[in-house]
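# output the structure for:
(chains A and B)
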Protein chains: 2
Amino acid sequence: MAKQEDKILLAHGSGGKIAHELVNRVFVTALDNPMLARLDDSAVADFNGRLAFTTDSYVVSPIFFPGGDIGKLAVCGTVNDLSMSGAKPLYLSLALIIEEGLPFRDLERIVASIVKAASKANVVIATGDTKVVNRGSADKLFINTAGIGMVPPGVDISGNNAQPGDRIILSGTIGDHGIAVLSQREGLDFSTKLKSDCAPLNRLVADMLEVCPDIHSLRDPTRGGLATTLNELAQQSQVSIRIEEEAIPVREEVHAACEMLGLDPLYIANEGKLVAIVPAEDADKVLKAMRANPYGRQACIIGEVRTGNPGRVVMQTRIGSSRIVDMLVGDPLPRIC
Amino acid sequence: MAKQEDKILLAHGSGGKIAHELVNRVFVTALDNPMLARLDDSAVADFNGRLAFTTDSYVVSPIFFPGGDIGKLAVCGTVNDLSMSGAKPLYLSLALIIEEGLPFRDLERIVASIVKAASKANVVIATGDTKVVNRGSADKLFINTAGIGMVPPGVDISGNNAQPGDRIILSGTIGDHGIAVLSQREGLDFSTKLKSDCAPLNRLVADMLEVCPDIHSLRDPTRGGLATTLNELAQQSQVSIRIEEEAIPVREEVHAACEMLGLDPLYIANEGKLVAIVPAEDADKVLKAMRANPYGRQACIIGEVRTGNPGRVVMQTRIGSSRIVDMLVGDPLPRIC
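As a prediction, this is how the structure comes out:
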């Protein structure tokens, strides 16, 4: 391999000959599917039903971290956003902004990770785009994925649908992703065994919908953490939410790291967890279905929806007192997703 | 307004309180529509038919240029990619990666431009995302838009469909966008009157399809210019293409700038032009329909599709000789779109 081919050049984003070579060498081969291989400006497919559409850009630093990388994150994150509307994810777009000089092997490793994650989530990378910017004009690699999914008939999941009396279920431990990325970035060694929880949650949601098509709200507590997500749901539905600190699972390593750094696990990003708001009478069967799925083994009821004080989230602490849990203010952990 | 609110902060991308304020203040108000205002992880809409899906990231520098800005470009570029499959553009996603410190007024000006362009193209911004990265980790602002459109029944447009004998139509002058951006970036004054051709082409394509549902191929010659686009079409359809230099309209200012800088207008990006490959017997009526549309006034037949030498593009020059026109090699004008 010629030396110049070891790194991404500006010309790889030019739209010209070398850009076509990159697309064919790295993307079309790896992401082998007929929609993408047509190489037209748009992918085309038949679609009949209720369409869910979402987008997210991923700017995580570093691009490789314990338990994943920016590619896996970009697939799982958008798969999860679709899943949170109850949709079955079908198609993703994949758009890369690459800083000139990125090693080819890093790009290939990330594309391999994208392929693996897309296969696991059973979604097709249907269309894509690659831009290259001058050295110093971006930080290694940013990825945007947009996603299209189909919402099954009868499913109506929204942050607006929480009702007083509903139970709040959390699918597992919080803070794993944020602390894993932070420890990699800062070279901290307090959490060598900790990995990001980055995972596709579409099958977990499908399992939940099978036993309870009437799930009211679903959301994955990414940026801003569990606290911010609960505040969003309380505000959107104009209800209050009460949670119990003791019920919220936090790994020992995450707890220790947060203590040391003065962070609160409630505000740390997760990439493989969800919060579900379900009718009280359905809570047990939803919980049972979740615990039977690898991504919901530690699912538990953490609280309930109440009337009064619309938009307020209150937590009963371990020592028995109550405190208001606000949205994240400021940003203790930038570029975590 | 408090001083800290004059610029975008890292916390505006945190997912927390100040991020919600940004979304509500800048996006939800400006992009007022019920799909976005739900503020769920995905937008949901009914869809029945053939779906076209595309994505593009925009990294143009500078973010404001004569005739447009990165916001207008991000809407028009994706509207045009959908249009090139014959689809009627319906929904766009909008994802911003902002460098910390971007003036709020720049962001608001760009969002206003997005609103205007989306309204002109009659598309809904259905879902969005905002990330903020540390100063120096991006260059002011990158935008990704993905788009969803509906392909009308009976329309089958692809770069694979060009047939020997087909006529090649170009919708107007080439090189305007690339030279306008370049002159702004480099502070060149040879083209003070030149503006980017950045425009939504969906209505032009609808007008063309009305008189000729059997259009074989459509493509907008953006990165890599007309030369690269024609090479793509010749390769995808395994045909050769012959064009006439004299037939290709180039503005005097673009011609002069290219002469001075040693550039070839055939390789300069356009953002409001298209190439159509149509059956010979339909060429005149397509041309007539194009010339009746504001974005096709200068449309003309520039060549034809031939058998033999699959993938080759040959140009008959003004002086009567023939030369092979290859794809763009290298990148004379990075970050032009």
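
# contacting residues around residue A:316?
Shown in contact with residue A:316 (Cβ atoms under 8 Å, 6 or more residues apart in numbering or on different chains): A:242-246, A:322. In short, each C-beta sits where N, CA and C put it, glycine included.

# out of those residues, which is most surrounded?
Highest neighbour count within the contacts of residue A:316, by other Cβ atoms under 10 Å in any protein chain shown: residue A:243, with 23 neighbours.

# quick check: what element follows the helix or strand hosting that residue along the chain?
Per DSSP states H and E, residue A:243 falls inside strand A:240-244. Downstream of strand A:240-244, the next assigned helix or strand under DSSP H and E is helix A:252-261.

# name the helices or strands packed onto the next helix or strand after that next one?
Next in sequence after helix A:252-261, counting helices and strands by DSSP H and E, comes strand A:275-278. Here strand A:275-278 touches strand A:167-170, strand A:217-219, helix A:225-237, helix A:283-291, going by 3 or more Cβ pairs under 8 Å, 6 or more residues apart in numbering or on different chains; DSSP states H and E.

# make it 10 Å
Using 3 or more Cβ pairs under 10 Å, 6 or more residues apart in numbering or on different chains; DSSP states H and E as the contact test, the elements touching strand A:275-278 are strand A:167-170, helix A:202-211, strand A:217-219, helix A:225-237, strand A:240-244, helix A:283-291, strand A:300-306.

# give the pairing partners of the third one; include direction for each.
The one in question is strand A:217-219. Applying DSSP bridges, strand A:217-219 is found paired with strand A:275-278 (antiparallel).

# and what of the first one?
With DSSP bridges as the criterion, the sheet partners recorded for strand A:167-170 are strand A:275-278 (antiparallel), strand A:300-306 (antiparallel).

# thinking again about what came up before, and the angle from the strand holding residue A:243 to strand A:300-306?
Angle between the axes of strand A:240-244 and strand A:300-306 is 150 degrees (criterion: axes from the mean of the first three to the mean of the last three Cα atoms, to 10 degrees).

# what does strand A:240-244 contact?
For strand A:240-244, the external contacting residues (Cβ atoms under 10 Å, 6 or more residues apart in numbering or on different chains) are A:162, A:164, A:166, A:168, A:170, A:226-227, A:230-231, A:233-235, A:266, A:275, A:277, A:300-318, A:322, A:325.

# of the residues you listed, buried ones?
A:162, A:166, A:168, A:170, A:226-227, A:230-231, A:233-235, A:266, A:275, A:277, A:300-306, A:311-316, A:325 (16 or more other Cβ atoms under 10 Å in any protein chain shown).

# do you know how far the closest residue to residue A:269 other than its chain neighbours is from residue B:102?
Computed as Cβ to Cβ, 6 or more residues apart in numbering or on different chains, the closest residue to residue A:269 that is not its neighbour in sequence is residue A:178, at 4.3 Å. Look at residue A:178 and residue B:102: by Cβ to Cβ, to the nearest Å, they are 25 Å apart.

# who has more neighbours out of those two?
Neighbours were tallied for residue A:178 and for residue B:102 using other Cβ under 10 Å; the higher tally belongs to residue A:178 (28 against 21).

# distance between the host helix or strand of the more buried one and the chain's centre?
Using DSSP H and E, residue A:178 sits in helix A:176-186. Centroid separation for helix A:176-186 versus its chain: 15 Å, with Cα atoms, centre = their mean, to the nearest Å.

# hmm, back to that, closest to chain B among the contacts of residue A:316?
residue A:243 (17.8 Å; Cβ to the nearest Cβ).

# quickly list what the closest one is bridged to.
residue A:303, residue A:315.

# equivalent analysis for residue A:68, please.
residue A:65.

# wait, doesn't it sit right on residue A:117?
Yes: with contact defined as Cβ atoms under 10 Å, residue A:68 and residue A:117 form a contacting pair (8.5 Å).

# quick check: neighbours shared by those two?
A:75-76, A:198-199.

# among those residues, list the two that are farthest apart in space.
Maximum pairwise distance among those (Cβ to Cβ): 10.3 Å, between A:75 and A:199.

# so for these two, which sits in the more crowded spot?
residue A:75 (30 against 26).

# now the more buried one: closest residue in space that isn't a chain neighbour?
Per Cβ to Cβ, 6+ apart, closest to residue A:75 is residue A:117, 3.7 Å.

# which of the helices or strands spans that neighbour?
Applying DSSP H and E as the criterion places residue A:117 in helix A:104-121.

# relative to the whole chain's centre, how far out is that helix?
For helix A:104-121, the distance to the chain centre is 16 Å (Cα atoms, centre = their mean).

# export that helix to PDB, keeping only CA atoms.
The C-alpha coordinates for helix A:104-121 follow below in PDB (Å, rounded to 0.1, in the frame of the first residue of the first chain):
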ATOM      1  CA  PHE A 104      -7.100   4.600   7.300                       C
ATOM      2  CA  ARG A 105      -7.000   1.700   9.800                       C
ATOM      3  CA  ASP A 106      -9.000   3.800  12.400                       C
ATOM      4  CA  LEU A 107     -11.600   4.500   9.700                       C
ATOM      5  CA  GLU A 108     -11.700   0.800   8.700                       C
ATOM      6  CA  ARG A 109     -12.000  -0.300  12.300                       C
ATOM      7  CA  ILE A 110     -14.900   2.100  12.900                       C
ATOM      8  CA  VAL A 111     -16.700   1.000   9.700                       C
ATOM      9  CA  ALA A 112     -16.300  -2.600  10.800                       C
ATOM     10  CA  SER A 113     -17.800  -1.700  14.100                       C
ATOM     11  CA  ILE A 114     -20.700   0.000  12.300                       C
ATOM     12  CA  VAL A 115     -21.300  -3.100  10.200                       C
ATOM     13  CA  LYS A 116     -21.400  -5.300  13.300                       C
ATOM     14  CA  ALA A 117     -23.700  -3.000  15.200                       C
ATOM     15  CA  ALA A 118     -26.000  -2.600  12.200                       C
ATOM     16  CA  SER A 119     -26.200  -6.300  11.800                       C
ATOM     17  CA  LYS A 120     -26.900  -6.800  15.500                       C
ATOM     18  CA  ALA A 121     -29.700  -4.300  15.400                       C
END
